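A.B. asks: Sequence and predicted structure below; questions after.
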Amino acid sequence: MSLNIHKNNSTGLAVSHYDSDNIYPILPLLSEEFPNWTIDKIKNYVQLVITKKHDVAGMLVVRNESLYNVGLLIYTFQSMSSKYLYEKRKKNELIYVLVVENLISSSPILKQQVFLTIVESAIEVAKKNKCKYIELPRLDENYKLISKKYKKEIIKINSFRTLIELKV
């Protein structure tokens, strides 16, 4: 695993890129997200993600002070047409977006804090890669802290996609 990219001192959570092909430390999180997948299928998926450069795709993992993996975020970078954001725009531009593909927390009690911490780290990754937005799944109760902190930057595209506009 690479160095921490974000540490939240108030919660004791640390986020880092996961780039090991050893899936066993994160298998409980991945098994929760993909309950019907075999271990080989999960391993192939992780291998596909981690072999990409961090400016194409990546995996962030959240650890608590006891070094237990409590959260995971898998992302890709994609181009999006500006017409989805600005319907009245005459010029159609491609916008670079960090897309959260999977977001997992092991603890129902800490889920909101884990999500906030890992999304903040994903925002840092997105900014370093000159993204204008980060795309999240539909915001529900699990994203309460994110919704509260970024309420002015949130753009709802449809019922299952939400963007946070990044201030660079």
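C.D. replies: Alright, I've got the coordinates.

A.B. asks: packing partners for the longest helix along the chain?
C.D. replies: In the chain, with assignment by DSSP state H, the single longest helix is helix 111-128. With contacts taken as 3 or more C-beta pairs under 8 Å, 6 or more residues apart in numbering; DSSP states H and E, helix 111-128 sits against strand 4-8, strand 13-17, strand 57-63, strand 69-81, strand 94-105, strand 133-137, helix 144-149. Where you see a C-beta, it was placed from the backbone N, CA and C, and this is true even at glycine.

A.B. asks: and the angle for the third one with helix 111-128?
C.D. replies: Going by axes from the mean of the first three to the mean of the last three C-alpha atoms, to 10 degrees, strand 57-63 is angled at 140 degrees with respect to helix 111-128.

A.B. asks: give the contact list for the closest residue to Lys144 other than its chain neighbours.
C.D. replies: What sits nearest to Lys144 in space, not counting adjacent residues and going by C-beta to C-beta, 6 or more residues apart in numbering, is Gln112, at 5.4 Å. By C-beta atoms under 8 Å, 6 or more residues apart in numbering, the contact set of Gln112 is Asn142, Tyr143, Lys144, Leu145.

A.B. asks: Quick check on these: which are buried?
C.D. replies: Among those, those buried by neighbour count (16 or more other C-beta atoms under 10 Å) are Asn142, Tyr143, Leu145.
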